[in-house]
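[1] can you look at this prediction? I've put the sequence above it.
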Amino acid sequence: MNNILDELVSDYKPGTLDETKSALREIAQSIVLVGLSKGDFFKKASFYGGTALRFFYGLDRFSEDLDFTLKRPDPSFSLQPYFPFVEKAAASYGIHMSIERKAKVIGSPVESAFGKLKTYETFLALGVPSSWSNRLHRDEKIKVRFEVDKKPALGFNEESKWLPRPEFAPISVLDAPSLFAGKLHAVLSRKYKMTVKGRDYYDFLFFIGKGISPNLEYLRNKLVDSDAIGKNDAFGLPTLKRMLHERFAAVDFKAAVKDASRFVESPQKFGVWSREMFDSLAEQIK
């Protein structure tokens, strides 16, 4: 039995197979952060997105990916030199994690990679009940995607935070106003292939509930980069609120709740989402 890994998983108090998988995925995310930190990745990049919000600002939902932005544009930047640091960090916790670079989309400034660990082997190392491990396909893998924007919009602010588990590691993270700006950009600009990403709207409510004001300079730069507004267009709170009202008018909020509930431990907390509710809350942004 892997005592260190078992202790990390036990802290989540998982009661089901799926809950154990979720705990392992989040532990794997933390280990990737530890490895990147030991490779001095955060001298060049900062952590942002839903997982950053969960790990460092108290968001109460699980998140799938690790998102990073370079501190300044660098088209030649590569994630590859950091892979050995991540693999070594995983090995120190008794986990065999293989890192695989994802084929880059032509013209995209984003570089992606996957950290993969074999679910069945890891369950055996944990000594979980055979009634759980026997339900797994022997080739099933837990994947952690991490990606970095090599040509980021600028104007964000960062903070130095300490990752508390599985070990203390210094991490550069966007501050809360900049994270809110990034989330507002996702709400306004994300293109939905199949269904609405309710996670964006759940996170929107998190920021509103905390009374956080967005970094408007950073949001404007991101909107310009994605061609949501023109480079010379005026932008401020009135424009932001108008854009949000227009977006909310097109959202299927029942579908949004269905998506977001997959990442929240207590889905009953959602209540009834509606356009009127989000319109009213958008007016509270300062």
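    Thanks, I have it.

[2] in the stretch 101-250 of the chain, what residue spans correspond to helices?
    119-126, 130-133, 176-189, 198-210, 216-225, 237-248 (DSSP state H, counting those that start in this stretch).

[3] put together TSV for those, with mean neighbour count, mean pLDDT and distance to Ser98 on each row.
    Every residue, glycine included, has its C-beta placed from N, CA and C. Listed next are the helices of the stretch 101-250 of the chain as TSV, based on neighbours: other CB atoms under 10 Å; pLDDT from 0 to 100; distance: least, CB to CB, whole Å:
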stretch	mean neighbour count	mean pLDDT	distance to Ser98
helix 119-126	19	72	12
helix 130-133	13	64	20
helix 176-189	23	97	30
helix 198-210	20	96	27
helix 216-225	21	97	33
helix 237-248	15	97	39
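
[4] out of these, nearest to Lys21?
    Closest approach to Lys21 among these is made by helix 119-126 (6.8 Å; CB to CB).

[5] can you give the domain ranges for this protein?
    Domain ranges of the chain: 3-174, 177-282, per automatic domain parsing.

[6] could you tell me the least trusted of these?
    Among these, domain 3-174 has the lowest mean pLDDT, at a mean of 88.

[7] tell me how far that domain lies from the chain's centre.
    Offset of domain 3-174 from its chain centre (CA atoms, centre = their mean, to the nearest Å): 10 Å.

[8] quick one: closest of the helices of the stretch 101-250 of the chain to Phe77.
    Nearest to Phe77, of all the helices of the stretch 101-250 of the chain, is helix 216-225, at 17.4 Å by CB to CB.

[9] got the angle between that closest one and helix 176-189?
    Here helix 216-225 runs at an angle of 30 degrees relative to helix 176-189 (axes from the mean of the first three to the mean of the last three CA atoms, to 10 degrees).

[10] return the alpha-carbon coordinates of helix 216-225 using CSV.
    Listed next in CSV are the C-alpha coordinates belonging to helix 216-225 (Å, rounded to 0.1, in the frame of the first residue of the first chain):
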residue,chain,number,x,y,z
LEU,A,216,-11.3,45.9,-16.5
GLU,A,217,-8.0,46.7,-18.3
TYR,A,218,-7.2,43.0,-18.5
LEU,A,219,-10.8,42.1,-19.6
ARG,A,220,-10.7,44.8,-22.3
ASN,A,221,-7.4,43.4,-23.7
LYS,A,222,-8.7,39.9,-23.7
LEU,A,223,-11.9,41.0,-25.5
VAL,A,224,-9.8,42.9,-28.1
ASP,A,225,-7.6,39.8,-28.6
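
[11] pull the residues that contact it.
    The contact list for helix 216-225, computed with CB atoms under 8 Å, 6 or more residues apart in numbering, reads 153-157, 178, 181-182, 184-185, 188-189, 229-231, 235-237, 240.

[12] ok, now with 10 Å
    For helix 216-225, contacts defined as CB atoms under 10 Å, 6 or more residues apart in numbering pick out 109, 149, 151-157, 174-175, 177-186, 188-189, 215, 228-237, 239-240, 243, 285.

[13] could you dump the helices of the stretch 101-250 of the chain into a markdown table and include distance to Leu66?
    Below are the helices of the stretch 101-250 of the chain laid out as a markdown table (distance: least, CB to CB, whole Å):
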| stretch | distance to Leu66 |
| --- | --- |
| helix 119-126 | 19 |
| helix 130-133 | 26 |
| helix 176-189 | 14 |
| helix 198-210 | 15 |
| helix 216-225 | 19 |
| helix 237-248 | 26 |
